[in-house]
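> got a predicted structure plus its sequence, pasted below:
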Amino acid sequence: MRHFIICLMFLFGCVSQSNFDIKVNELETQLNAVKQYNIAQIDTLYGEVELNSFLIEAIYGQLIELKAELVAIQIKNNQVFYVVKRGDCLWYIAENELGDPFKWVQIADLNELEDPDLIFPNQILKIKE
């Protein structure tokens, strides 16, 4: 493409060889600056992604440690806890964890829930003492 443009410019006498070389060098310099800028942007974004990945791994590691601590507490105190998931209700938690859906009242009492219908994802409920 460059050679085609050169031929057209010389054919129509738009520019001399020295002016053309200067203009080409200027354009190449600008192009390289744009490429470098884009590379710098990509490097910055890559660095941010790496940092976020590192933070996610650190948080995940902390969650694993907390889960281990929770299990240790459960074993030590002979208690069972449950972490509420989206869509859970006490009826289904009681049925799945205690084998009897009517024990939802026991879970509500153990956790001193004022409104048993208001439980939230990631809420930790004591299931039995």
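Alright, I've got the coordinates.

> outline the domain layout of this protein.
The chain is divided into the following domains under automatic domain parsing: 15-77, 79-129.

> turn these into CSV, columns for mean neighbour count and mean pLDDT.
Just so you know, the C-beta spots here come from the backbone N, C-alpha and C atoms, and that holds for glycine as well. Conversion of these to CSV gives the following (neighbours: other C-beta atoms under 10 Å; pLDDT from 0 to 100):
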stretch, mean neighbour count, mean pLDDT
domain 15-77, 11, 74
domain 79-129, 14, 90
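
> hey, which helix is longest across this structure?
Using DSSP state H to define each element, the chain has its longest helix at helix 17-77.

> quick one: name whatever helix or strand follows that helix.
strand 80-83 (DSSP states H and E).

> other residues contacting whichever helix or strand comes after that following strand?
Next along the chain after strand 80-83, taking DSSP H and E as the criterion, comes helix 90-98. By C-beta atoms under 8 Å, 6 or more residues apart in numbering, the surrounding residues in contact with helix 90-98 are 80, 82, 84, 100-104, 106-108, 113, 116, 119, 125, 127-128.

> need the CA coordinates for helix 90-98. PDB is fine.
Written as PDB, here are the backbone C-alpha positions of helix 90-98 (Å, rounded to 0.1, in the frame of the first residue of the first chain):
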ATOM      1  CA  LEU A  90     -36.300 -22.600  56.800                       C
ATOM      2  CA  TRP A  91     -38.700 -25.300  55.700                       C
ATOM      3  CA  TYR A  92     -36.300 -26.700  53.100                       C
ATOM      4  CA  ILE A  93     -33.200 -26.200  55.300                       C
ATOM      5  CA  ALA A  94     -34.900 -28.200  58.100                       C
ATOM      6  CA  GLU A  95     -36.000 -30.900  55.700                       C
ATOM      7  CA  ASN A  96     -32.500 -31.300  54.100                       C
ATOM      8  CA  GLU A  97     -30.400 -30.800  57.300                       C
ATOM      9  CA  LEU A  98     -32.600 -32.300  60.000                       C
END
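
> tell me the first helix or strand C-terminal of it.
Helices and strands here follow DSSP H and E; after helix 90-98, the next one along the chain is helix 104-110.
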